[in-house]
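> Predicted model and sequence follow; I will ask about them next.
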Amino acid sequence: MTSDAIPAAVACHVSTRGPGPTRLSARASEETLRLAGQARWQVDATVVGSAPQGAVARAGDLAVLLVGEIPDDGGPEAVLRLYHDLGPWAFSELAGRFAAVVVHGAGERVTVSVDHAGTVPLYVVHTWDGDIDVATEAKVLAGLGDRGRPLPGTDEVPGLRGVRRLRAGTCLTVQASGHSRARDTWTVPAHRERVDPDAAVAEVRAVLEEAVAWQVREPMTTVLSGGIDSSAVAATVRAHSGRVATVTMGTDRSDEFAPASLVARHLGARHTQVSTTVDSVLAELPFVVALTECADPAVNEYLLPLARLYRELPAGSRVMTGYGADIPLGGMHRGQADMALEELIVDDMSTFDGLNELSPNLGSHLGLWTSHPYWDRAVLQRLTTLAAGLKRREGIDKWVLRQAFADALPAETVSRPKLGIHEGSGTTSHWSEVLLGRGVAAGRVQAAKARISRDIYDLVVAGGQEPGDVDLGAVTTAVVAREELTG
Ligand code: AMP
Ligand code: PCX
Ligand code: MG
């Protein structure tokens, strides 16, 4: 599949064990490339994307593979130039939505890095035999890590022994000989800046404009709920490109069609509505778990409706979302005391890593590329470092964002209270009712969701089962029979 909307590489598996079968979920062109090769140290990469060859740049004894994208149309060549000058510190300079693998010499040294927020996950196995495997999905490394070494800057993946996930904003150099070293390339800002409210409003708008500008690539659709986050993104796309295409999904249980249409009309958007059943949304669970490789039930509940909606979008296109704005802006904490907001934001910003909410895998298995401008590095930096008093002001949540788009959106949209996608689509309440219908006690519904997510994780991530072969009804029956959930 060749499409300008899709990066040259969206997934990879790099190995010093020679080319072998690998089963990445991403759907696009796939090629096996030799990154380095001499005697023992051949390094082969299976690369999936719109132009896998174009994802690799070489110079001297360096080869760089770039998965995802960096600003200014910089490809792997830009990474290579920077790496040439700065070595591993190159990755502190790079903003973007990417994972990168640098192979040194004949492959006896491999450097890997992910972006500031780890939005393109990367998993590593380094065996005691000296083999190195790196992949954008943990499950393709299952079984390789039995003799895996510990690695700095990484966390072990639950259920997959020896498979390690590179932490957000980390660069790791692994030597075949055994020595390895990790460096921070970005850390969640701990400080807050004193910014005049009017200046903050202007800066938030400007920084979001820049983030959208570098990530717009046609064909592109903005997934729109009609809430402030996605409406601000749609307005920014419209301002940048002179046009915007939007899509809203609703179910037989609940929808946000009216507020989304209001925004679409205001922006003159090419707007589509997708109607589906809430049952088909819930049926995405095995796919969502397989793609996020995360068993967190809350995150999976947020992603279910998005995963279902993505199925309706044409392969080869790009999707822009408003996902994640609530994390640095503290938008999920309505009703909590103002004093606590700063602490709640600190908590949310210290727990995102590994949830893989922003992983491109959720779209790339359908041939889509997703981007989330609120988690662009500069936007995230700006939003995080603003004092909480600019985030909840005059009793209004996400005040600074609402103010920033007050002149670009209908007044009703600017003041619309937050409604999470899991609520607006009826996903949360439907799943709860299914479980109550199976006899789960009201106070045990969350526990049941967690157990079901965990069981599915064990099947599709640790167990390597195809998500399409998982019977959610059977998993639910097993969990209800096994756990004490009914009393
Ligand atoms: P939320 O923060 O819960 O509104 O959801 C995260 C993102 O998902 C939003 O910013 C939108 O980009 C997208 N989204 C939420 N609800 C819908 C919907 N009903 N239809 C299409 N996209 C949606
Ligand atoms: N969201 C939030 C993020 C969900 C919380 N994630 C976290 N704490 N890491 C958002 O869009 O910002 C909803 C549905 O609310 C998704
Ligand atoms: Mg919303």
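In hand now; what should we look at? Residues are numbered from 1 along each chain as shown. Ligands and ions are numbered 1, 2, ... in the order given.

> quick one, phi psi at the residue in the chain that ligand 2 sits nearest to?
Ranked by CB to the nearest ligand atom, the top residue of the chain for proximity to ligand 2 is Asp326, at 3.2 Å. Yep, even glycine has a C-beta here, placed from its N, CA and C like the rest. Dihedral pair for Asp326: phi -70, psi -20, per degrees, to the nearest 10.

> so who does it touch?
The neighbourhood of Asp326, defined by CB atoms under 8 Å, 6 or more residues apart in numbering, consists of Asp229, Met332, Lys398, Lys418.

> Tally up the residues packed near whichever residue of the stretch 51-200 of the chain sits closest to ligand 1, please.
Nearest residue of the stretch 51-200 of the chain to ligand 1, counting by CB to the nearest ligand atom: Thr119, 14.6 Å away. Thr119 is surrounded by 26 other residues when neighbours are defined as other CB atoms under 10 Å.

> tell me the SS of it?
With DSSP: H, G, I helix; E, B strand; the rest coil as the basis, Thr119 sits in coil.

> residues touching it, list them.
Applying CB under 8 Å, 6+ apart, the residues near Thr119 are Gly68, Arg97, Leu358, Ser359, Pro360, His372, Trp375.

> what about the second one, neighbour count?
Each residue near Arg97 was counted by other CB under 10 Å, and the total is 28.

> which residues does it bridge with?
Beta-bridge pairing for Arg97 (DSSP bridges): Glu69.

> Tell me if I'm right that it and Val67 touch.
No - contact criterion CB atoms under 8 Å: Arg97 and Val67 do not qualify, at 9.5 Å.

> Need the overlap of contacts for these two.
Joint contacts of Arg97 and Val67 (CB under 8 Å, 6+ apart) are Val120.

> that older thread, any idea which of the contacts of Thr119 has the most stuff around it?
Pro360 (30 neighbours).

> Tell me who's in contact with that residue.
Taking CB under 8 Å, 6+ apart, one finds Val10, Gly68, Arg97, Thr119, Val120, Trp369, Thr370 in contact with Pro360.

> now with 7 Å?
Residues in contact with Pro360 (CB atoms under 7 Å, 6 or more residues apart in numbering) are Val10, Gly68, Val120, Trp369, Thr370.

> Lowest-scoring secondary structure element of this structure by mean pLDDT?
helix 338-349 (a mean of 91; mean pLDDT, DSSP states H and E).

> Could you list every helix and strand in contact with that one?
If you count contacts as 3 or more CB pairs under 7 Å, 6 or more residues apart in numbering; DSSP states H and E, helix 338-349 packs onto helix 326-329.

> same thing but at 10 Å, please
helix 326-329, helix 377-385, strand 392-393 (3 or more CB pairs under 10 Å, 6 or more residues apart in numbering; DSSP states H and E).

> How is Val48 assigned, secondary-structure-wise?
strand.

> what about it, how many neighbours?
26.

> quick one: the nearest residue to Tyr83 once chain neighbours are set aside and Pro373, what's the gap?
Closest residue in space to Tyr83, ignoring its immediate chain neighbours: Ala90 at 4.4 Å, by CB to CB, 6 or more residues apart in numbering. For Ala90, the distance to Pro373 equals 24 Å [CB to CB, to the nearest Å].

> Same question for Asp72.
In terms of CB to CB, Asp72 sits 16 Å off from Pro373.

> Neighbour count for the two, which is higher?
Ranked by neighbour count (other CB under 10 Å), Asp72 and Pro373 place Pro373 first, with 31 against 10.

> who's in contact with the more buried one?
97, 207-216, 222, 229, 232-233, 236-237, 320-325, 379-380 (CB atoms under 10 Å, 6 or more residues apart in numbering).

> how about a cut-off of 6 Å?
Residues counted as contacts of Pro373 (CB atoms under 6 Å, 6 or more residues apart in numbering) are Ala211, Val212, Val233.

> Around ligand 1, pick out the residues from the stretch 351-487 of the chain.
Gly420, Ile421, Gly424, Ser425 (CB under 6 Å from any ligand atom).

> Quick check: pLDDT value at Trp41.
We have a pLDDT of 64 for Trp41.

> what does Gln38 give?
Reported pLDDT for Gln38: 61.

> swap in Gly487?
Reading off the model, Gly487 has pLDDT 75.

> if I look at it, how far off is ligand 1?
33 Å (CB to the nearest ligand atom, to the nearest Å).

> Can you get me a residue count around that residue?
8.

> Three-state assignment for the residue of the chain found nearest ligand 1, please.
Relative to ligand 1, the nearest point of the chain is Gly322 (2.5 Å; CB to the nearest ligand atom). When classified by three-state DSSP, Gly322 comes out as coil.

> list the contacts for it?
Per CB under 6 Å, 6+ apart, neighbours of Gly322: Asp229, Ser230, Val233.
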